[in-house]
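Turn this into a structure:
(chains A and B)
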Amino acid sequence: AQKITQTQPGMFVQEKEAVTLDCTYDTSDPSYGLFWYKQPSSGEMIFLIYQGSYDQQNATEGRYSLNFQKARKSANLVISASQLGDSAMYFCAMTLSDSTLTFGKGTMLLVSP
Amino acid sequence: DGGITQSPKYLFRKEGQNVTLSCEQNLNHDAMYWYRQDPGQGLRLIYYSQIVNDFQKGDIAEGYSVSREKKESFPLTVTSAQKNPTAFYLCASSTLAGASGELFFGEGSRLTVL
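Now for the predicted structure:
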């Protein structure tokens, strides 16, 4: 069965600094997708970034980039120039060819002024 | 605007009562999903449906039931058989794009059993 591991329950970062949120995954399926979602205290899940298993380049979306290291089975999220509004839970997730999404337990990010 | 609507946002029920959470989408997505989230935890899949009149159990289906009579609607019933129903429930939908299919989420329903 596929598995997503986020080893950091919480992270602190100062405003304007960069932060890396760790994610490792485990699957034997050669075709998979990796996602990061942000969940603010209001509860909704906000899509941030996607990386396909066959993508050669790391995905980037504005201040978000995904450091995809296929051999290590890691998909870390890098947030550059942190903002106070980035404080939230962040979930790494993986989908396989059956379209179901498996989530990690999340990392709580707190950005301080 | 296109999106997913969940209702109610907050729900209280007494032990032994069934309750139904509504999920409607106007994105023309084939697949719909229900996830449960407990405090400090990730999301766990309850049920999903990839076509009308068909659905599959997820990882924690016991004590829950669903129906998919219309493409737009995927209601979840939390039955009295669910031993710990207090949780945050999220509905999602996606195109059937396999490993590249992004899930779009509703705003969630918070169920509290008194």
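
Could you give the number of residues near the spatially closest residue to A:A18 that is not a sequence neighbour?
Residue nearest to A:A18 in three dimensions, not counting chain neighbours: A:S80, with 4.8 Å by CB to CB, 6 or more residues apart in numbering or on different chains. Heads up, the C-betas are built off the backbone N, CA and C, glycines and all. A:S80 has 13 neighbouring residues, counting by other CB atoms under 10 Å in any protein chain shown.

Which per-residue confidence value corresponds to the residue lying closest to B:G58 once chain neighbours are set aside?
Distance criterion CB to CB, 6+ apart; nearest residue to B:G58, sequence neighbours excluded, is B:L45 at 3.2 Å. Here the pLDDT value assigned to B:L45 is 93.

what lines up beside the helix or strand hosting B:L45 in the sheet?
Here B:L45 sits within strand B:43-51, counting by DSSP states H and E. Partner strands for strand B:43-51, per DSSP bridges, with pairing direction: strand B:31-37 (antiparallel), strand B:54-57 (antiparallel).

what's the next helix or strand after the last one packed up against?
Next in sequence after strand B:54-57, counting helices and strands by DSSP H and E, comes strand B:64-66. Helices and strands touching strand B:64-66, as assessed by 3 or more CB pairs under 8 Å, 6 or more residues apart in numbering or on different chains; DSSP states H and E, comprise strand B:43-51, strand B:76-78.

I'd like these as TSV, with distance to B:N28 and mean neighbour count appended.
What follows is those, written out as TSV (distance: least, CB to CB, whole Å; neighbours: other CB atoms under 10 Å in any protein chain shown):
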stretch	distance to B:N28	mean neighbour count
strand B:43-51	13	21
strand B:76-78	21	21
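
and the residue nearest to B:G58, what does it touch?
Neighbour list for B:L45: A:100-102, B:33-35, B:58-60 [criterion: CB atoms under 8 Å, 6 or more residues apart in numbering or on different chains].

what sits against the residue nearest to A:A18?
Counting by CB under 8 Å, 6+ apart, the residues that A:S80 touches are A:18, A:63, A:65.

which residues sit in contact with the second one?
In other words, A:R63. Counted by CB under 8 Å, 6+ apart, A:R63 has contacts A:79-81.

do A:K105 as well
A:6, A:9, B:40-42.

Where is pLDDT lowest across those residues?
Among those, B:G40 has the weakest pLDDT, 76.

Return the backbone torsion pair for that residue.
The phi/psi pair for B:G40 (degrees, to the nearest 10) reads phi 70, psi 10.

how near is the residue most central in space within chain B to chain A?
Most central in chain B under CA atoms, centre = their mean is B:W34, positioned 2.7 Å from the mean C-alpha point. The gap separating B:W34 from chain A is 12 Å, by CB to the nearest CB, to the nearest Å.
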